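1. Okay, structure incoming, though there's no sequence with it:
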């Protein structure tokens, strides 16, 4: 004899809870799937670099040793980057530079002017660096935008791929 399986409990609260848990599990699975293949944020040392700044001298990541860093990789042609990058201005306003350094690294651009226009259009208030293929390889960038949170010891502690809200960035940077 085969018993019928009830799709959802009759109790509306229990049903809502089960549906919420299923949705959270689905979101977690999608996040895991999109971030597979990227550099793991498991406390390993962040790859160092020396890159030219859009308006200034070269920047070395190891110069930020002792300070938390949000390292945001973007492409000027990326529409999701355009939506997400503005959140960096809000994060900059919320967190003092002595607490959190925010560095944007331009990748996958055709020329310098593309990056200049992107920064000007969004009126970005954070340092922008010109990256190259080496950073894409070192940080295993699979898509844009991607950002990493680096702790004060220079270790990768969190990462995100795709759109992030200001609150999502705040959460990842306050946890560490």
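-> Received, thanks. On a predicted model such as this, the values are computed, not experimentally measured, just so you know.
2. Test my guess that residue 68 contacts residue 101.
-> Yes: because the distance of 7.1 Å satisfies CB atoms under 8 Å, residue 68 is recorded as touching residue 101. C-beta coordinates here come from the backbone N, C-alpha and C atoms, glycine included.
3. Go ahead and flag the most central residue of this structure.
-> Closest to where the C-alpha atoms of the chain average out (CA atoms, centre = their mean) is residue 147, at 2.6 Å.
4. So what sits opposite that one in the bridge?
-> With DSSP bridges applied, residue 147 shows beta-bridge pairing to residue 72, residue 160.
5. From residue 72, how far off is it?
-> Between residue 147 and residue 72 the distance, using CB to CB, to the nearest Å, works out to 4 Å.
6. before we move on, what about residue 115?
-> Computed as CB to CB, the residue 115 to residue 72 distance reads 13 Å.
7. just for the chain, where's the confidence low?
-> Counting by pLDDT under 70, the chain has low-confidence residues at 1-10, 23-40, 175-176.
8. Which parts of this structure belong to which domain?
-> What the record gives for the chain is the domain set 8-36, 50-175, from automatic domain parsing.
9. which SSE is residue 56 in?
-> According to DSSP states H and E, residue 56 maps onto no helix or strand at all.
10. What count of nearby residues applies to it?
-> 10 (other CB atoms under 10 Å).
11. ok, back up a step: confirm for me that the residue nearest to the centre of the chain is in contact with residue 70.
-> Yes: the pair formed by residue 147 and residue 70 meets the contact definition of CB under 8 Å, at 6.0 Å.
12. quick one: residue 160 from residue 65, how far?
-> When CB to CB is applied, the distance between residue 160 and residue 65 equals 23 Å.
13. ugh, typo on my part, it should be residue 174
-> Taking CB to CB as the measure, residue 174 and residue 65 are separated by 20 Å.
14. for residue 146, same thing?
-> In this structure, residue 146 and residue 65 are separated by 22 Å, where distance is defined by CB to CB.
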